[in-house]
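Chemist: Predicted model and sequence below, questions to follow.
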Amino acid sequence: MKILCVGDAMIRGEAFAEAAQKLGAAEIVAGDWETDWDSLQHRRLVVEQQGPGVESVPPIFLEHQDTEMALGLFCPFATELMDALPSLKVIGVARAGVENVDIEGATERGILVFHVTGRNAEAVSDYAVGLMLSEARNIARAHAAIAQGSWRKQFSNSDYVPELKGKTIGIVGFGHIGRLVARKFSGFDVRVLVYDPWVTGEVPDGVAVVDKETLFQESDFVTLHARLTNESRHLVSQHELDLMKSTSYLVNTARSGLIDTDALVTALQSGRIAGAALDVFDVEPIPQDHPLLQLDNVTLTTHIAGTTREALTRSPELLVQEIDNFFSGSTRVTLKNPEVLERPGVRDKAAEMIDALGRQAPAR
């Protein structure tokens, strides 16, 4: 059995190959898709926005067309790639979002798609809290002023610079990251509101689930942690911005498409909201003539919310653990397309992989 590990500038293929050894007896091949950091940031964003078919099939896959399992992070898995690898049975990506995988195409071809939920949840939730503090307390602006030789004391929000105690934090999207944000704010003595139409089960004490309008009207800080889908695109439009308090702040460490950027620029320019902090943009790097760069009430960072040593180093191991759990018979697996198991022959192919890896078939 051949396992092809295709890394990139963020996580190299060797890291996936080392983790994949846990799966059993296999021929493991390692390589990389895009090793230049800046090019990776551009190409991954284009893939996320336009789909994996925007890229041609990476040459390394064409060199190993007998691959049965492919592991990676950002490399694109389009239907053209799947058709070029007739033996492919498993795709694994070490991230929660699977925008770089054609899920429908994989399911139609009987290919199991594994992903990792929560690999960078700690990192992103930390960062969201940090961005709130940085924007509201002018931390980055004060540093920039000192670096430029100015001892700045006055800012656009100087009349209402807030403390967090007693404020209302609105969390849009209450998955793993959103729940961690709520937990980390529990020590700040704040009120927490959540909007997420998919919330099921109980929510933690001190958290109230509300409708979208209530959240935007009552929150002093709104932080976005939702998935970008056709339904959630421009979830924050002029309507939501008009609902917000003039002293409130918007934070986005999720996906740029969740916000209508033009509407946000207008709201910031007019002082309709106090400020915003953004780690993601429609085009990355953000163009030098972008109107956001002319504003004094926004904090911008370079799409680094999820980039910590821990988030990167543990990702291949977390992915392989999910696949290992499946092969071991566990029902707690982040299989992105579980419906594929109902397609004819898929379970038989899984059993063949288990046998080829020298593993004992689990009782199911």
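Modeler: Structure's in. What do you need? Numbering: from 1, shown residues only.

Chemist: give me the number of residues near G201?
Modeler: Counted with other Cβ atoms under 10 Å, residues neighbouring G201 total 4. For the C-beta atoms, the positions are set from N, CA and C on the backbone; glycine is no exception.

Chemist: Which strand or helix spans it?
Modeler: Secondary structure from DSSP states H and E places G201 outside every helix and strand.

Chemist: who's in contact with it?
Modeler: With contacts defined as Cβ atoms under 8 Å, 6 or more residues apart in numbering, G201 is in contact with no residue.

Chemist: And it, how far from V194?
Modeler: 13 Å (Cβ to Cβ, to the nearest Å).

Chemist: same deal with G149?
Modeler: For G149, the distance to V194 - Cβ to Cβ - is 44 Å.

Chemist: ok, these two, which is more surrounded?
Modeler: Shown here are G149 and V194; by other Cβ under 10 Å, V194 has more neighbours (23 against 6).

Chemist: So which elements touch whichever strand or helix holds the more buried one?
Modeler: For V194, the host element (DSSP H and E) is strand 191-195. Applying 3 or more Cβ pairs under 8 Å, 6 or more residues apart in numbering; DSSP states H and E, we find strand 191-195 packed against strand 168-172, helix 176-184, strand 207-209, helix 212-218.

Chemist: partners of it in the sheet?
Modeler: When pairs are called by DSSP bridges, strand 191-195 turns out to pair with strand 168-172 (parallel), strand 207-209 (parallel).

Chemist: on that earlier part again, ok, which of the helices and strands packed on strand 191-195 comes nearest S315?
Modeler: helix 176-184 (14.3 Å; Cβ to Cβ).

Chemist: Which other helices and strands does that closest one contact?
Modeler: Using 3+ Cβ pairs under 8 Å, 6+ apart: helix 176-184 touches helix 121-136, strand 168-172, strand 191-195.

Chemist: N297: what's it in contact with?
Modeler: The contact partners of N297, by Cβ under 8 Å, 6+ apart, come to E135, S156, N157, L268, G271, A274, G275, A276.

Chemist: and stretch 51-67, which residues are buried?
Modeler: P52, E55, V57, P58, I60, F61, H64, T67 (16 or more other Cβ atoms under 10 Å).

Chemist: For this protein, just list every one of the strands.
Modeler: Ranges of strands within the chain are 2-7, 27-32, 69-72, 90-93, 112-114, 168-172, 191-195, 207-209, 221-224, 249-252, 275-278, 298-300, based on DSSP state E.

Chemist: so what strands line up beside the last one?
Modeler: Right, the one you point to is strand 298-300. According to DSSP bridges, strand 298-300 has these partners: strand 275-278 (parallel).

Chemist: again with the fourth one
Modeler: The strands that strand 90-93 pairs with in its sheet are strand 69-72 (parallel), strand 112-114 (parallel) (by DSSP bridges).

Chemist: circling back to that earlier point, just the buried subset of the contacts of N297, please.
Modeler: E135, N157, L268, A274, G275, A276.

Chemist: so which of those would you say is closest to N100?
Modeler: A276 (27.5 Å).

Chemist: thinking again about what came up before, need the max-distance pair from the contacts of N297.
Modeler: Longest span within the contacts of N297, Cβ to Cβ: E135 and G271, 14.5 Å.

Chemist: now, of the strands paired with strand 90-93, which is deepest in the fold?
Modeler: strand 69-72 (a mean of 27; mean count of other Cβ atoms under 10 Å).

Chemist: so how far is that strand from its chain's centroid?
Modeler: 19 Å (Cα atoms, centre = their mean, to the nearest Å).

Chemist: Next, the residues that contact that strand from outside, please.
Modeler: So strand 69-72 is contacted by 1-8, 13, 16, 20, 23, 26, 33, 61, 77, 85, 88-94, 316, 319-320, 323, 353 (Cβ under 8 Å, 6+ apart).
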